[in-house]
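**Student:** whatever this is, show me its structure:
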Amino acid sequence: MNTPPSKFSHHVAAYKAQLDKGDIQQAYAGLVKFVMRLGSTLEKKLAKHYAVGNLFQGYMDYTYFYYTNDFLKERKLKFGLVLNHSKMRFEIWLLGQTIPIQEKYWAFFKTTQWNEGRTTKPTYAILETSLIDAPNFDDLELLAKQIEKKLIIVSKAIIQDVKKSKLQ
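**Tutor:** As a prediction, the model looks like this:
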């Protein structure tokens, strides 16, 4: 009796074939290492403005770290600098500590530029915005500088909108 393989078995076989090539392990390890170094660099450079948290590797979907300041903490908010693996881009997410906080801030942010074209709240965040759409991984020093520069600008703009919301 010849039983066709299950979809899961097919996926596992395809996964193993890709692992046998070695590219995935090298790319994933390199991406995680870059985001880890970026977090360490930003923690030092932005210490006056933000506290930077630990790196989370995710499940080959997102690699990220949190950063926050007293203003955001008072509102039970924080930012995430996220490497979105499926879209291969860097994003900033505004996150709430609890679902009620996320819902409260989503009610304000759903009609702002940050959620333009969105009709539903993002799965994990109040807002998700692209920081670097097509990162050039051939020059990691330049990429880190681009991320830092845009992170500062976008974070300040989002904080200004949080202030406009007058939510606590």
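
**Student:** all strands of the protein, in order?
**Tutor:** For the chain, the strands defined by DSSP state E occupy 51-56, 62-68, 77-84, 89-96, 127-132.

**Student:** got a list of contacts for the second one?
**Tutor:** Contacts of strand 62-68 from elsewhere in the structure, counted by C-beta atoms under 8 Å, 6 or more residues apart in numbering, are 31-32, 35, 39, 42, 46, 50-58, 77-85, 93, 95, 155. (Each C-beta comes from the backbone N, C-alpha and C, glycine too.)

**Student:** could I have the buried ones of those as PyMOL selection syntax?
**Tutor:** In PyMOL syntax, the buried subset of the contacts of strand 62-68 is picked out as below (16 or more other C-beta atoms under 10 Å):
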select buried, resi 31+32+35+39+42+46+50+52+53+55+77+78+79+80+81+82+83+84+85+93+95+155
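
**Student:** for Lys7, find the nearest of the strands of the chain.
**Tutor:** Minimum separation from Lys7 across the strands of the chain (C-beta to C-beta) falls at strand 62-68, 24.0 Å.

**Student:** from the contact counts, what lies against the helix-or-strand element of the chain with minimal mean pLDDT?
**Tutor:** Every helix and strand in the chain was compared by mean pLDDT, DSSP states H and E; the lowest is helix 7-21, with a mean of 91. Using 3 or more C-beta pairs under 8 Å, 6 or more residues apart in numbering; DSSP states H and E as the contact criterion, no helix or strand is in contact with helix 7-21.

**Student:** next one: it to chain centre, how far?
**Tutor:** 27 Å (C-alpha atoms, centre = their mean, to the nearest Å).

**Student:** just the CA atoms of it, as PDB, please.
**Tutor:** The C-alpha trace of helix 7-21 is given here as PDB (Å, rounded to 0.1, in the frame of the first residue of the first chain):
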ATOM      1  CA  LYS A   7       1.500  18.000   4.000                       C
ATOM      2  CA  PHE A   8       3.500  18.300   7.200                       C
ATOM      3  CA  SER A   9       5.900  15.500   6.000                       C
ATOM      4  CA  HIS A  10       6.200  17.300   2.700                       C
ATOM      5  CA  HIS A  11       7.000  20.600   4.500                       C
ATOM      6  CA  VAL A  12       9.600  18.900   6.800                       C
ATOM      7  CA  ALA A  13      11.300  17.300   3.800                       C
ATOM      8  CA  ALA A  14      11.400  20.700   2.000                       C
ATOM      9  CA  TYR A  15      12.800  22.300   5.200                       C
ATOM     10  CA  LYS A  16      15.500  19.600   5.500                       C
ATOM     11  CA  ALA A  17      16.400  20.000   1.900                       C
ATOM     12  CA  GLN A  18      16.900  23.800   2.400                       C
ATOM     13  CA  LEU A  19      18.900  23.100   5.600                       C
ATOM     14  CA  ASP A  20      21.100  20.700   3.700                       C
ATOM     15  CA  LYS A  21      22.100  23.600   1.500                       C
END
